[in-house]
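**Student:** Starting from these lines, generate the structure:
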Amino acid sequence: MIADLSANWPMYVSVIIVVLAIVFYMRDSMPMELISVGIIAALLLLFYVVDRTTPNSESVSTEALLAGFGNPALITIMALLVVGQGLFQTGALDGPSRLMMSSYSARPMITLVGAFAAVFATSAFINNTPVVVMFLPIMAAFAEKMKVSPSKLMQPLSFASVFAGMTTLIGTSTNLLAAEKYESSEGVSLGFFELAPIGLILAGAGFVYMIVASRFLLPSREGMEANLVNRSGRQFIAQIAISDGNPLVGQKAVAGMFPDLEGMTVRMIQRGEGSFLPPFEDVSLQPGDLIIVAATRKTLTDTLSSQPELLRQMWQSREGADSDGMDEDGGTPRLMLVEAVVAPGSRMIGRAIEQLGFRRLTNTLVLGVQRRSRMMRARLGEIRLEAGDTLLLCGSSSSFRELRASRDLLLLEWSQVELPATEKSHYARWITLGVVALAASGLLEILHASVIGAVAMILTGCLNIRQATRSLDLRIFTLIAAAIAMGTALENTGAALALAQGVVNFIEPFGTVAVLSVLFLVVAILTNVLSNSATAVLFTPIAIQAANLLGVDPKPFVLAVIYAANCCFATPIAYQTNLLVMGPGHYKFLDYLRFGGPLVIVLWLVFTFVAPLRFDL
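**Tutor:** Down below sits the predicted model:
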């Protein structure tokens, strides 16, 4: 026993490092990036000592331990994150979102089912994080119309996007990592839709479970979005100038409302020295008109995003406009919306916006003014500011950086959002479709197609370099690199073979299907406390070794790891979309265990029943 321990000590130390890594990841007491880099450092030190003390023992080279940073699957994941960010930044999915909201009143259940179907279909081909971000406000609005708590829809939204990851090779990073490990070990590649037959069955079972169990197992709790809705319901007084070529020219009011100003209450139209008040009978909008409207911030944002020409005219007609803040083509730069409060003692108090020369002074546009005490009916530039007024400002990021030092305005940093470059949305859609088509048809490898798509997003202006860089999550990058290093250490020291041997020896009397089922259950449990990417990388070599010991095809075992690693439903830390919906759904940790835990068991049972039929086991 002592001799065996002495001979195999690198294997035991490797297992200890992996166990400690799981513990530290679960405790979440340190930044994930630090834990991942620490793991790589520990493994480098371990095998440096092995090389120096026992040169004839099984070791792992430095190149092999660091190979994760250049792993093709990791590069593919990073490229797909950039492609997904391009869709998000251009608002490429906003149009379908608005269509769903407009059709809900007429066909509520069909629209709700269609929304979940859209989440599922989209998440099968692009990173699901931006998809969930897009649909969060839609689900909150659906919950309000259904008169139910948003907590009834938020977890199902996240889980629907995860189900989609089980159907295609690029559905999640987990699939790519496991497939790459399988190909490097066995020389066999998985097809683009290799996961679809069982993946669709598991997704179907998951949707049936959510329809039934959401009534009983999800809490009925007021979510954070209730506060957001109340806040976003505040009315700003805003002004729209009608110039030549404006799409509003010639429009007439219908029942006192203008069709292209949906959601806005027009309070006054000023034409020269005269003005028109509601209901605006027989009034057609003309160039030079000023429209004074009351609208929420969300309505203003949606209008400017869907009508980029209107925003461009407003920006380029500002006082003192020059080349500063313009993009490289001399057009509208990437603009941001920020709320700012007029500070007590501000030099702006008592002075009108035009009198201040606000645009020239701050290089920002005042899109709206909100005053708690009363609703104003006046030209935006004529409003005299008071302490506590909230201004909705539009400008470039450099303008707001300069305003942070202002003693006159208090920027509300939490309110900062970037307006999507919707004029580029068609580029983003075509690029994404091209990536999917090239990868699915086999004309290009997924790595090549995704990298080309990421570069195309930048070249076409859907993203700038800063936005693309921001989409490259350092936590994911270091986590996957550390997971690959741990998997390499387990495999090369024989730990993976020993673990597989232990599982097979214990379960083998019950048959191959039992081994496959237990493997699925173990991975499904660990993916909820570790991470799906790390779990897939660690268990794929173990699954291959188990299949080889049983003398069967490793593919069903690799697929079992992939499906199980995607069963990240039982904890909020299991997957990033679970964390995204935790706030809007006002969930507690146990809410995930209560609703997602049984879902893991359901999918395990369905897989155990379906897998033997699918693979003739």
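**Student:** Buried residues, stretch 237-254. List them.
**Tutor:** Residues of stretch 237-254 classed as buried: 237-242, 246, 248, 251, 253 (neighbour count, 16 or more other Cβ atoms under 10 Å). Using the backbone N, CA and C atoms, a C-beta is placed for each residue, glycine as well.
**Student:** What average pLDDT does that stretch get?
**Tutor:** Computed over stretch 237-254, the mean pLDDT rounds to 76.
**Student:** i'd like the first residue to be 67 from this point on
**Tutor:** Sure, I'll start numbering at 67, so the last one becomes stretch 303-320.
**Student:** Let's see the distance spanning that stretch from one end to the other.
**Tutor:** 21 Å (Cα to Cα, to the nearest Å).
**Student:** What of stretch 464-482?
**Tutor:** Start-to-end, stretch 464-482 (Cα to Cα) is 13 Å.
**Student:** remind me, longest helix of the chain?
**Tutor:** helix 655-681 (DSSP state H).
**Student:** same for that helix, what does it pack against?
**Tutor:** Other helices and strands packing on helix 655-681, by 3 or more Cβ pairs under 8 Å, 6 or more residues apart in numbering; DSSP states H and E, are helix 217-230, helix 262-283, helix 578-592, helix 621-631.
**Student:** Between these, which one is closest to Arg363.
**Tutor:** helix 217-230 (22.2 Å; Cβ to Cβ).
**Student:** Taking helix 262-283 as reference, get the angle to the helix or strand that the closest one is followed by.
**Tutor:** With elements assigned by DSSP states H and E, the helix or strand that comes after helix 217-230 is helix 239-252. Between helix 239-252 and helix 262-283, the angle comes out at 150 degrees (axes from the mean of the first three to the mean of the last three Cα atoms, to 10 degrees).
**Student:** Show me the contact partners of helix 239-252.
**Tutor:** The contact list for helix 239-252, computed with Cβ atoms under 8 Å, 6 or more residues apart in numbering, reads 137-140, 142-143, 231, 234-236, 254-256, 261, 512, 542, 546, 549-550, 553, 598-599, 601-603, 606-607, 610, 620-621, 624, 627-628, 631-632.
**Student:** Convert that helix to PDB, retaining C-alpha atoms only.
**Tutor:** Extracted C-alpha coordinates of helix 239-252, given in PDB (Å, rounded to 0.1, in the frame of the first residue of the first chain):
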ATOM      1  CA  SER A 239     -19.700  25.900 -24.600                       C
ATOM      2  CA  THR A 240     -20.100  22.600 -22.700                       C
ATOM      3  CA  ASN A 241     -20.900  20.700 -26.000                       C
ATOM      4  CA  LEU A 242     -17.900  22.200 -27.800                       C
ATOM      5  CA  LEU A 243     -15.500  21.300 -25.000                       C
ATOM      6  CA  ALA A 244     -16.700  17.700 -24.600                       C
ATOM      7  CA  ALA A 245     -16.700  17.200 -28.400                       C
ATOM      8  CA  GLU A 246     -13.200  18.500 -28.700                       C
ATOM      9  CA  LYS A 247     -12.000  16.200 -25.900                       C
ATOM     10  CA  TYR A 248     -13.700  13.300 -27.600                       C
ATOM     11  CA  GLU A 249     -12.200  14.000 -31.000                       C
ATOM     12  CA  SER A 250      -8.700  14.500 -29.500                       C
ATOM     13  CA  SER A 251      -9.000  11.200 -27.600                       C
ATOM     14  CA  GLU A 252     -10.800   8.900 -30.100                       C
END
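**Student:** Report the buried residues of that helix.
**Tutor:** For helix 239-252, the neighbour count (16+ other Cβ under 10 Å) marks 239-248, 251 as buried.
**Student:** Turn the residues you listed into TSV, including distance to Asn530.
**Tutor:** Formatted as TSV, these follow (distance: Cβ to Cβ, whole Å):
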residue	distance to Asn530
Ser239	24
Thr240	30
Asn241	30
Leu242	26
Leu243	29
Ala244	33
Ala245	32
Glu246	30
Lys247	34
Tyr248	37
Ser251	40
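**Student:** Report the two of those separated the most.
**Tutor:** Spatial extent of the buried residues of helix 239-252 (Cβ to Cβ) is set by the pair Ser239 and Ser251 at 18.5 Å.
**Student:** Show me the domain layout of the chain.
**Tutor:** Following automatic domain parsing, the chain resolves into domains at 141-290+490-540, 300-486.
**Student:** per-stretch mean pLDDT over the ones you listed, give me the minimum one.
**Tutor:** Among the domains of the chain, domain 300-486 carries the lowest mean pLDDT (a mean of 73).
**Student:** Distance from that one to the middle of the chain?
**Tutor:** 30 Å (Cα atoms, centre = their mean, to the nearest Å).
**Student:** cool, and stretch 657-669?
**Tutor:** 22 Å.
**Student:** Also stretch 516-523?
**Tutor:** That offset, for stretch 516-523, works out to 18 Å (Cα atoms, centre = their mean).
**Student:** related to what we said a few turns ago, so for the longest helix of the chain, what gets flagged as buried?
**Tutor:** Under the neighbour-count criterion of 16+ other Cβ under 10 Å, helix 655-681 has 657-663, 665-666, 668-670, 672-674, 677-678, 681 buried.
**Student:** most tightly surrounded among the domains of the chain?
**Tutor:** With neighbours defined as mean count of other Cβ atoms under 10 Å, the domains of the chain peak in mean count at domain 141-290+490-540, which reaches a mean of 20.
**Student:** secondary structure class for Leu153?
**Tutor:** Put simply, Leu153 is helix when judged by DSSP: H, G, I helix; E, B strand; the rest coil.
**Student:** Tell me the spacing between it and Phe661.
**Tutor:** If you measure Leu153 against Phe661 using Cβ to Cβ, to the nearest Å, the figure is 29 Å.
**Student:** just the buried residues of stretch 303-320 now: which is nearest Ser516?
**Tutor:** Ranked by distance to Ser516 (Cβ to Cβ), the buried residues of stretch 303-320 are led by Asn312 at 39.9 Å.
**Student:** and that closest one, that's in a strand?
**Tutor:** No: Asn312: not assigned to a strand; according to three-state DSSP it is coil.
**Student:** Let me know whether it touches Pro353 as I believe.
**Tutor:** Yes: with contact defined as Cβ atoms under 8 Å, Asn312 reaches Pro353; the gap is 7.1 Å.
**Student:** Spatially nearest residue to Pro664 (excluding sequence neighbours)?
**Tutor:** With Cβ to Cβ, 6 or more residues apart in numbering as the criterion, Pro664 has its nearest non-adjacent residue at 6.7 Å, and that residue is Ala279.
**Student:** cool, and Val584?
**Tutor:** Nearest to Val584 is Ile573, by Cβ to Cβ, 6+ apart, at 5.2 Å.
**Student:** What is the neighbour count of the one you found?
**Tutor:** Neighbours of Ile573 under the rule other Cβ atoms under 10 Å: 19.
**Student:** got the contact list for it?
**Tutor:** By Cβ under 8 Å, 6+ apart, the contact set of Ile573 is 580-581, 584.
**Student:** rewinding a little: which one of the helices and strands packed on helix 655-681 lies nearest to Ser537?
**Tutor:** Ser537 sits nearest to helix 217-230 of all the helices and strands packed on helix 655-681, at 17.1 Å, using Cβ to Cβ.
**Student:** so what secondary structure elements neighbour the closest one?
**Tutor:** Short answer (3+ Cβ pairs under 8 Å, 6+ apart): helix 217-230 packs on helix 174-189, helix 194-212, helix 262-283, helix 642-648, helix 655-681.
**Student:** just the angle between that helix and helix 262-283, please?
**Tutor:** Using the same axes, to 10 degrees: helix 217-230 against helix 262-283 is 170 degrees.
**Student:** how far off helix 655-681 does helix 217-230 point, in degrees?
**Tutor:** 30 degrees.
**Student:** Restrict helix 217-230 to CA atoms and write it as CSV.
**Tutor:** C-alpha atoms of helix 217-230 as CSV (Å, rounded to 0.1, in the frame of the first residue of the first chain):
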residue,chain,number,x,y,z
SER,A,217,-41.3,34.6,-10.5
LYS,A,218,-43.6,32.3,-12.4
LEU,A,219,-41.9,33.0,-15.7
MET,A,220,-38.3,33.9,-15.0
GLN,A,221,-36.9,30.5,-14.1
PRO,A,222,-38.7,28.9,-17.0
LEU,A,223,-37.2,31.6,-19.3
SER,A,224,-33.6,30.6,-18.2
PHE,A,225,-34.3,26.9,-18.3
ALA,A,226,-35.8,27.1,-21.8
SER,A,227,-32.6,28.7,-23.1
VAL,A,228,-30.6,25.9,-21.4
PHE,A,229,-32.8,23.2,-23.0
ALA,A,230,-31.9,24.6,-26.4
